[in-house]
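Novice: With the sequence up front, the predicted model follows.
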Amino acid sequence: MKKHNFYAGPSILSQYTIKNTADAVINFADMGLSILEISHRSKQFQAVMDEAVALFKELLEIPEGYSVLFLGGGASLQFCQVPMNLLAKKAGYLDTGVWASKAIKEAKLFGVVDIVASSKDRNYNYIPKDYTVPEGLDYFHYTSNNTIYGTEIRKDPEAGNVRLVADMSSDIFSRPVDVSKYDLIYGGAQKNLAPAGVTFVIVRDDALGHVDRVLPTMLDYRTHVKKGSMFNTPPVLPIFAALQTLKYYKQLGGVREIEKTCVAKAAKLYEAIDSSRMFVATVPDHADRSLMNVCFVMKPEYADLEKDFIDFATAKGMMGIKGHRDVGGFRASLYNALPMESVDALVECMKEFQNK
């Protein structure tokens, strides 16, 4: 039976990425050695790093004056590393879910945090609107996609003269981004880029060096900019896998083509949910719905069938559709590598269960 991978993260990777990475584990760059055992200082791995950075910049059309870094620690480390490097006096944050609130908590360790708007009042099932980003902030931070609650901001926010910082862990490369508006974009790789273990950072070089505090060497972005992500041993295998994903994205035609597919996949699944007599989406406003993480539940009169549907869907090869414990119900993650075939299979599974 074919398995359909809807896990929220770590999550689906393209077969191109998996096969090429598996081959490199056996024999990397015809060296007769595994990528698991070669020096990160070797010319062969340096070529991997250089190509990954170049493709990252090409696919996202990153302008001059920005560095792309591959670091450890996950997006969770970035919650403190960002304000440590960028927050001199005051920063603004948009509170749209668990990951945003964790970033806010860490930022408060380094300066004043203005929570510009929040959707906590309705359990984060919408994106705040009609807020104004105050002038004079060091930066305005938002989380572009909220994996737990299924909301997403798919356009670069308007922040006036204030530079943006974004956690794009779960929707990077799913839409074009005007990087020139940002001081920094970061994310864990385990949704749309690579296996867990590497974090990407896109940072505007001249945004660094403007805080008075003493920075630990490893937490100073300038350390890694200067050393090309090679100050210490980088996560070699996930970076190699990331390169394969970037190559795959280029083969697909780039970010704009990927966006078309993401829109089509999500539209098909949301239409099936909205037209169902049994299921209902947890995010009512269509404009706020995530294309990456489709969250839905049973309608109240069918609530007692939730476990039955999870068991039924799992038996049909739908893997990882159980919703997060904070929301319940179901969550289908439609990351870039997920084929339309899997969405079709889930829709058919839902119809079959409903008829049953």
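Specialist: Here it is on my side, so go on. Numbers count the residues shown, from 1 in each chain.
Novice: Go through the protein and flag its longest helix.
Specialist: With DSSP state H setting the assignment, residue counts place helix 255-274 as the longest helix in the chain.
Novice: Quick one: name whatever helix or strand follows that one.
Specialist: Following helix 255-274 in sequence order, the next helix or strand is strand 279-281 (DSSP states H and E).
Novice: Determine the set of other helices and strands touching that next one.
Specialist: helix 255-274, strand 293-298 (3 or more C-beta pairs under 8 Å, 6 or more residues apart in numbering; DSSP states H and E). Any C-beta I mention is one placed from the backbone N, CA and C, and that applies to glycine too.
Novice: buried residues in the longest one?
Specialist: Of the residues in helix 255-274, those buried under the neighbour-count criterion (16 or more other C-beta atoms under 10 Å) are V255, I258, E259, T261, C262, K265, A266, L269, Y270, A272, I273.
Novice: Quick one: residues contacting the fifth one.
Specialist: It refers to C262. S174, R175, L291, M292, L334, N336 (C-beta atoms under 8 Å, 6 or more residues apart in numbering).
Novice: Can you say which of the residues you listed are buried?
Specialist: By 16+ other C-beta under 10 Å, these give S174, R175, L291, M292, L334, N336 as buried.
Novice: quick one: secondary structure of the first one?
Specialist: Under DSSP: H, G, I helix; E, B strand; the rest coil, S174 falls in the coil class.
Novice: Let me know the pLDDT of the closest residue to it other than its chain neighbours.
Specialist: In space, and not counting its chain neighbours, S174 is closest to C262: 4.9 Å by C-beta to C-beta, 6 or more residues apart in numbering. Here, the pLDDT recorded for C262 equals 98.
Novice: Give me the secondary structure label for T17.
Specialist: Following three-state DSSP, T17 is assigned to helix.
Novice: neighbours of the residue lying closest to it once chain neighbours are set aside, just the number please.
Specialist: Excluding the flanking residues, the one nearest T17 by C-beta to C-beta, 6+ apart is Q244, at 4.1 Å. For Q244, the count of nearby residues is 23 (other C-beta atoms under 10 Å).
Novice: thinking again about what came up before, out of the helices and strands packed on strand 279-281, which comes closest to H286?
Specialist: helix 255-274 (7.5 Å; C-beta to C-beta).
Novice: one step back: TSV for the buried residues of helix 255-274, including distance to V280?
Specialist: Below are the buried residues of helix 255-274 laid out as TSV (distance: C-beta to C-beta, whole Å):
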residue	distance to V280
V255	32
I258	28
E259	26
T261	25
C262	22
K265	19
A266	16
L269	13
Y270	11
A272	12
I273	7
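Novice: how far away is T132 from P176?
Specialist: Distance, T132 to P176, by C-beta to C-beta, to the nearest Å: 25 Å.
Novice: out of the two, which sits in the more crowded spot?
Specialist: Taking neighbours as other C-beta under 10 Å, T132 and P176 compare with P176 leading, 16 against 11.
Novice: ok, and the closest non-adjacent residue to the more buried one?
Specialist: Closest to P176 by C-beta to C-beta, 6+ apart is V255, at 5.4 Å.
Novice: can you pull the contacts of the one you found?
Specialist: So V255 contacts L59, L60, F173, S174, R175, P176, Y249 (C-beta under 8 Å, 6+ apart).
Novice: confidence score at it?
Specialist: pLDDT, read off for V255, is 98.
Novice: One more: S342?
Specialist: The predicted local confidence for S342 is 98.
Novice: tally of neighbours for it?
Specialist: By other C-beta under 10 Å, 23 other residues sit near S342.
Novice: swap in the one 4 residues further on?
Specialist: L346 is surrounded by 25 other residues when neighbours are defined as other C-beta under 10 Å.
Novice: And S276, by the same measure?
Specialist: Applying other C-beta under 10 Å, we find 19 residues neighbouring S276.
Novice: and what of the one 10 residues further on?
Specialist: Other residues within reach of H286, judged by other C-beta under 10 Å, total 10.
Novice: Renumber starting at 33 from here on
Specialist: Will do, 33 is the new start, and the previous item becomes H318.
Novice: residue contacts, the closest residue to it other than its chain neighbours?
Specialist: Using C-beta to C-beta, 6+ apart and skipping the chain neighbours, the partner closest in space to H318 is Y302 (7.5 Å). When contacts are counted by C-beta under 8 Å, 6+ apart, Y302 touches A313, H318, R321, V326.
Novice: Which strands and helices lie in contact with whichever strand or helix holds Q113?
Specialist: Q113 belongs to helix 106-118 when assigned by DSSP H and E. Using 3+ C-beta pairs under 8 Å, 6+ apart, the elements in contact with helix 106-118 are helix 130-139, strand 196-199, strand 214-220, strand 231-236.
Novice: In CSV: the ones you listed, plus mean pLDDT, distance to R245 and mean neighbour count.
Specialist: Below are the helices and strands packed on helix 106-118 laid out as CSV (pLDDT from 0 to 100; distance: least, C-beta to C-beta, whole Å; neighbours: other C-beta atoms under 10 Å):
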stretch, mean pLDDT, distance to R245, mean neighbour count
helix 130-139, 98, 13, 19
strand 196-199, 98, 17, 26
strand 214-220, 98, 17, 25
strand 231-236, 98, 17, 24
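Novice: closest to D188 out of the ones you listed?
Specialist: strand 196-199 (6.9 Å).
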